[in-house]
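Undergrad: Return atomic coordinates for the entry below.
(2 chains)
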Amino acid sequence: GDSVTQMEGPVTLSEEAFLTINCTYTATGYPSLFWYVQYPGEGLQLLLKATKADDKGSNKGFEATYRKETTSFHLEKGSVQVSDSAVYFCALTAPSGGSYIPTFGRGTSLIVHP
Amino acid sequence: KAGVTQTPRYLIKTRGQQVTLSCSPISGHRSVSWYQQTPGQGLQFLFEYFSETQRNKGNFPGRFSGRQFSNSRSEMNVSTLELGDSALYLCASSLRTSGDGDEQFFGPGTRLTVL
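TA: As a prediction, this is how the structure comes out:
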């Protein structure tokens, strides 16, 4: 079945450091890829998405590029802030026998220190 | 525009009981999906309803069921509760089905504890 693998956390950074959270996937067909963020005590929010190969999703300084050849969708940000501290989920939806089952990674906790 | 609301926010039940959780999607959204979130298994898809019909289903036993009403509100039922059902249950709504690649808007979740 489909799967999403994220790097284990927590990732701990100082403010203004560069962030990379790795995400790789296994899927049949051509999935759409997403990054969601969950702030403490809140539900998940969509951060960015890409629906086809070589698409780049971006939002709030975060970026991720859909790499079909490496089946990856790594999340990057050039300069993190304390307010970026949250849990980040990589996800995909892909067709499977006429159905679309959303599949999420385990989540990566990011902690940013001042 | 009001977000996705879930009730109740917290629930404590004992083994063998059943429970019903409710989700009200964003106005105009016709798709509602349910997820179970646990520290051990992460976020797992339960099922999706669109226009009162179940469109997609994850790999959960038949004790987990749901339905959607004509106003798009959805309920999820878990019968014969087990300790392992303790989790945060998240509801998400979108304009179209997950197959359309639409953004899903998540509610704050219902925290279910089974004793």
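Undergrad: From here on, just use CA atoms for contacts and neighbour counts.
TA: OK.
Undergrad: Write down the beta-bridge partners of B:Val114, one by one.
TA: On the basis of DSSP bridges, B:Val114 is bridged to B:Lys13.
Undergrad: and it, what is it in contact with?
TA: With contacts defined as CA atoms under 8 Å, 6 or more residues apart in numbering or on different chains, B:Val114 is in contact with B:12-15, B:81-86.
Undergrad: let's go with 6 Å and repeat that
TA: B:12-14, B:83, B:86 (CA atoms under 6 Å, 6 or more residues apart in numbering or on different chains).
Undergrad: got it, and A:Glu42?
TA: Counting by CA under 6 Å, 6+ apart, A:Glu42 has contacts B:Pro108.
Undergrad: Provide the backbone phi and psi angles at A:Val87.
TA: phi -110, psi 130 (degrees, to the nearest 10).
Undergrad: I'd like the distance between it and A:Ile111.
TA: 9 Å (CA to CA, to the nearest Å).
Undergrad: same deal with B:Leu46?
TA: Taking CA to CA as the measure, B:Leu46 and A:Ile111 are separated by 30 Å.
Undergrad: pLDDT score for the residue in chain A that chain B sits nearest to?
TA: Nearest residue of chain A to chain B: A:Gly43, at 4.3 Å (CA to the nearest CA). Looking at A:Gly43, its pLDDT is 84.
Undergrad: Can you give me the neighbour number for the closest residue to it other than its chain neighbours?
TA: Nearest residue to A:Gly43, sequence neighbours excluded (CA to CA, 6 or more residues apart in numbering or on different chains): B:Pro108, at 4.3 Å. Neighbour count of B:Pro108, defined by other CA atoms under 10 Å in any protein chain shown: 21.
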